[in-house]
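**Q** model this:
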Amino acid sequence: MSIITDQMLNELALKKSEFSTIIKMIGREPNLLELGLFGSLWSEHCGYKHSKPLLRMLESDSKRLLVKPGEENAGVIDIGDEFAIAFKIESHNHPSAVEPYEGAATGIGGIVRDIFAMGARPIALMNSLRFGSLDKPQNQYLFEGVVSGISGYGNCIGIPNVGGETIFDDSYDSNPLVNAMCVGLLKHEDLESASAGKPGNSIILVGAETGKDGIHGASGLASQSFEGDQEQRSSVQVGNPFLEKILIEACLEAASTNCLDGMQDLGAAGLTSAAIEAASKSNCGLDIDINQVPCREENMTPYEIMLSESQERMLLFSEPKHLPKLTTIFEKWGLQITVIGKVTDTGNVRISNHGKIECDVPIKFLTSPPEYRLQGIQPKWIESARKFDFNTLEIPTYTPSSILERILSSPNIASKESIYQQYDHQVQTNTVLKPGHDAAVLRIKGTTRAIALTTDGNGRYCWLDPFEGGKIAVAEACRNLSCSGAQPIALTDCLNFGNPEKPEIYYQLEECIKGIAAASKIFDAPVVSGNVSLYNESDGSGINPTPIIGALGIIDNANLTTQIGFRNEGDIVFLLGSEKLSDDPSSLAGSEYLKVIHGMVAGKININLDLESKVQNACRELIKNEVLNSAHDCSDGGLIVTLAEACIAGNIGFNFDFNLPKRWDASLFGEDQSRIVVSTSLENSGTLRRYCDSIKLPYTTLGKVTDGNFNIGTLINLSISDLVSMGKTI
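**A** Numbering: from 1, shown residues only. This is a model prediction of the structure:
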């Protein structure tokens, strides 16, 4: 008679058919511990059952690439002078929905461990956040808890949080998205692998003791939808940032000794995934003595110990002869170091408890979850939303100034200073461009170079058209980098979607990935790492499809960095990418204006990637040749918001030289892609025109920077203090 119940399978998010497959694989019914291992490693969070076939479409080749995507904890990209950048973005959505402070805090801790596991010193954090409307108390609670968790953990570990984005939409009610990106710096020779090494190596656990927090975090919490009032609090981990700071220093010191054959963080599924995935990489087996694992609670079972997601723990693999040296390092830092087993040549994971073998399963089975290639169906709402006739959209009777105020004060457009002022963005003293610009810029000490970082994504666009939305997410992220003067060189993605077993959701996932793949190829910026977060649903309602793109760029001369703010009175302002202002109301498709003023999401979105690439190349070239005084991505809110933000950032005025067409709403608030607002001195304006003409790049002269007001023809005349007040922080 089977000891495995349907409730057990449900807790592990295992299907009955998958349970039958496991029985066929190992030739018997697994015991509870073995089932727990399969449940964790075959979970959507660890096994990528629905997404792995699609992810193979992503561009992942580059001469700068130092490790193959998906084979290590993070992507690693060469930036010259024997330096490399390790970076990755990852979700902690479900834990943050249950316990926002600890969910967000441990999301930071986990992504940081992914980076220093590569032998890289973490040098920057960014985050991409999504919440429902702040008018609802539950969303306000989640928002405040998440931001506090990010700052509470991140500020303690000495890594600057240099920016990101925060968006609000009703689709994220009770389903916040908390995507954290970490960037690390290393020399080529310091690169570590998440490998077990060779048979005979010791398996060494360092850091915190193991508790009961986080059990079923990967298989239960992150791999199925929320239904009703399920109690999930025990699945959320609890973090200790001060211990993490010590762990960073100790592990990097240990890595510098050349005593390690591998290093792996204990994240999702804890010891189970860390040990078994490392052994799989080395084609080895493992013998683990569960009694050697230091526990902070008495009488923990092997099941609880193996599946615990207790934080601030790392697994090291080393020859036994190096143990005295490693022990000296970790004891110096006040950290526990314990040998819990050895690497074998059996190909199996064997777990003993007081001398009794509790688990003996081939690793190749545990790391070979089924893959599901489904047939997606285009959602019915897409066609009707795209067919909306914008000619029937009336120009509001509100004054243009009042409309601008409503857009600038929208939570999606308003200043996010109240968020990022809680983060320490100057620690380590490398931050050149701080939060509030299109991209953050950090210098690389010891070189002339700098790196630029950004995150971007638009769930509303992807709801209307996931393929075009996926392309736009990449294009906007790369455009942010280009506006700072950086050449995009690599991407990391976090794919946040609902239940992939629903054909409409699977369609969104597949089309978004296709769009990301198409755009990454155009920009020669491969996707080198990332994370997929599915089942972002509650009570059957899913989030907008939200692919978040983290982008990395390189600036050869750190002194040639451009900000978003207008700088000098008399500078000429141009719009790169368009030779005229659109008066086509269809340019309002998916826009913030359409949502805020008309209360709707509709229209057909699109992007010309060839034009986009040309605009970005031109912007970078003009910055490199010191022609531009400012550059700002024209995106959310349209042209008028871009101009207003440039005035606010520079605390300076602007005079618009155009007579606007009748459809001024489209001209000012439309969100056509592939546009950048730049400013240059009168002396350099001719150089800009000649350069754009030589490469046949469309552009428009918009007006001049002034010491007066923000003036848009006869429609708007506001002081800069008025703009600041309108765009006051959320």
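**Q** neighbours of residue 144, how many?
**A** 14 (other CB atoms under 10 Å). Quick note: C-beta positions are derived from backbone N, CA and C, even for glycine.
**Q** doesn't it lie inside a helix?
**A** Yes: assessed with DSSP: H, G, I helix; E, B strand; the rest coil, residue 144 lies in a helix.
**Q** setting aside sequence neighbours, what's the nearest residue to it?
**A** Leaving out its chain neighbours, the residue that sits closest to residue 144 by CB to CB, 6 or more residues apart in numbering is residue 100, at 7.6 Å.
**Q** does the one you found touch residue 149 like I think?
**A** Yes: under the criterion of CB atoms under 8 Å, residue 100 makes contact with residue 149 at 6.3 Å.
**Q** can you check which residues contact both of the two?
**A** In the contact map built from CB atoms under 8 Å, 6 or more residues apart in numbering, no residue is linked to both residue 100 and residue 149.
**Q** got the contact list for the residue nearest to residue 144?
**A** Contacts of residue 100 (CB under 8 Å, 6+ apart): 141-146, 148-149, 176.
**Q** can you say which of the residues you listed are buried?
**A** Listed as buried from those are 142-143, 145-146, 149, 176; burial here means 16 or more other CB atoms under 10 Å.
**Q** list the buried residues in stretch 552-570.
**A** By 16+ other CB under 10 Å, the buried positions in stretch 552-570 come out as 552-555, 558, 560-567.
**Q** element containing residue 343, please.
**A** Per DSSP states H and E, residue 343 falls inside strand 336-344.
**Q** elements contacting whatever helix or strand comes next after that strand?
**A** Next along the chain after strand 336-344, taking DSSP H and E as the criterion, comes strand 348-353. Using 3 or more CB pairs under 8 Å, 6 or more residues apart in numbering; DSSP states H and E, the elements in contact with strand 348-353 are helix 270-282, strand 285-289, helix 302-307, strand 356-362, helix 363-366.
**Q** partner strands of strand 348-353, parallel or antiparallel?
**A** Strand partners for strand 348-353, identified by DSSP bridges, are recorded as strand 285-289 (parallel), strand 356-362 (antiparallel).
**Q** dump the ones you listed to CSV, plus mean neighbour count.
**A** As requested, the strands paired with strand 348-353 are exported to CSV (neighbours: other CB atoms under 10 Å):
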stretch, mean neighbour count
strand 285-289, 22
strand 356-362, 16
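**Q** now do the contacts for the residue nearest to the spatial centre of the chain.
**A** Closest residue to the average C-alpha location of the chain: residue 89 at 3.8 Å, with CA atoms, centre = their mean. With contact taken as CB under 8 Å, 6+ apart, residue 89 is in contact with 111, 126, 128, 179-181, 455, 492-494, 529-531, 548, 550.
**Q** what pLDDT, on average, does the host helix or strand of it get?
**A** Taking DSSP H and E as the definition, one finds residue 89 inside strand 83-91. Per-region confidence: strand 83-91 scores 97 on mean pLDDT.
**Q** again with stretch 194-201
**A** Mean predicted lDDT for stretch 194-201 stands at 97.
**Q** same deal with stretch 643-658?
**A** So the average pLDDT for stretch 643-658 ends up being 94.
**Q** quick check: buried residues in that stretch?
**A** Taking 16+ other CB under 10 Å as the criterion, stretch 643-658 shows 643-650, 652-656 as buried.
**Q** do stretch 197-217 as well
**A** 197, 201-217.
**Q** okay if I get the buried residues of stretch 552-570 as TSV plus distance to residue 47, pLDDT and secondary structure?
**A** Putting these into TSV (distance: CB to CB, whole Å; pLDDT from 0 to 100; DSSP: H, G, I helix; E, B strand; the rest coil) gives the following:
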residue	distance to residue 47	pLDDT	secondary structure
552	27	98	strand
553	32	98	strand
554	34	97	strand
555	38	97	strand
558	42	93	coil
560	45	94	coil
561	42	94	coil
562	43	96	coil
563	44	96	coil
564	42	97	coil
565	46	97	coil
566	50	97	coil
567	51	96	coil
